Structures are given as C-alpha cells and as structure tokens.
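**Q** can't give you the sequence, but here's the structure:
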C-alpha cells in the first residue's frame, strides 16, 4: 500500500467530532421539522366525497341507492350533499344533515339502536342456531353411520339355479 493512500496521515490534523452544541441544534431542527409535518397531517382532515356518500344513502322517492338513482329528487339530494361538501363538512356531519332534511329513510343501513337493531341480530341468531343444530346432529349422524356399517344386511338366499346363473353371468364378464 502506498504511503499516499494510507488511512491515517500523520501530517493531517485529526478531524474534530461534532460538538454537543451542534448535535443539540441538529436534534432540535429535526424535532421541529417532524412536529411541523405532524401538525400539518393532523390539521388536514379527510375530505368527504360525493361518491363515498352516495353509496351510503338512498334516494328517498326511488328507495334505491343514490349512486344508481336517476330522478329529479336524486339530483336534488346530490346537489344538497355537494353543497355540504363544499362547506367542508365531514361525512358524519353530512349524514346528520341528511337525516335532519329527509328523515331516517335516507340512510342505506338502519341504525344500530332500538327496533332497527333486529336487522343485525336476527341473521346472527339464525346462524348461531344453525351451528348449534349441526353441533348436536352431526355426532348423531356419524354414530348412526358407524353402527349401520357394522350390521350385516340380511340378503335373501339365492336358489341354486339363480346362484348358478349369477356365477355364469359374472364369468362371462371376466
């Protein structure tokens, strides 16, 4: 290795490491930059969009989802929603305004309170009842199938002429 390429050059002065004050200043700069980015992300709330809300509400006259409805009332609902979006309201605020304006029939999904809760509970209860029925009947069916395989079937005895004819027929196919 040539002397010019040596890693340590005795004629050069050793490099100074960063001072604690420099490290502290760099740390504060990084923290302030990350805090600014975090504040910007927290301040920017997600904007509501018309297609997202259209999927969640119904046309009150057509009784079909607003995203597929083509009627004057559907167009009025879309215009109302768009005006609320332009005001900067969130999805929850827009749904509350729609409930106030058109009533509970405007929502595609029923609320999870009161009698409307049955819409969610009845299918769940039916599914659990089906599972319980299967849990009870399946072992019985399997036990019955095992016991049925152990019993020999009492077939009627063939006469000697029928047995000879059967043997002749089977011999022809071999």
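**A** That came through fine. Nothing here was measured: the structure is a model prediction, and the numbers come from that model.
**Q** Tell me the gap between the host helix or strand of residue 76 and the middle of its chain.
**A** Per DSSP states H and E: residue 76 is located in helix 72-86. Taking CA atoms, centre = their mean, to the nearest Å, one finds helix 72-86 lying 28 Å from the centre of the chain it belongs to.
**Q** Flag every buried residue along it.
**A** For helix 72-86, the neighbour count (16 or more other CB atoms under 10 Å) marks 74, 77-78, 81, 84-85 as buried. Where C-beta positions appear, they are placed from N, C-alpha and C, glycine not excepted.
**Q** Looking at those, which one is closest to residue 105?
**A** residue 77 (11.8 Å; CB to CB).
**Q** Show the pLDDT at the closest one.
**A** For residue 77, the model assigns a pLDDT of 91.
**Q** and if you look at residue 58?
**A** As predicted, residue 58 sits at a pLDDT of 89.
**Q** Once you drop chain neighbours, what's closest to residue 58?
**A** Residue nearest to residue 58 in three dimensions, not counting chain neighbours: residue 108, with 5.4 Å by CB to CB, 6 or more residues apart in numbering.
**Q** cool, residue 107 as well?
**A** Per CB to CB, 6+ apart, closest to residue 107 is residue 57, 6.2 Å.
**Q** residues near that neighbour, how many?
**A** Residue 57 sits with 25 neighbouring residues when counted by other CB atoms under 10 Å.
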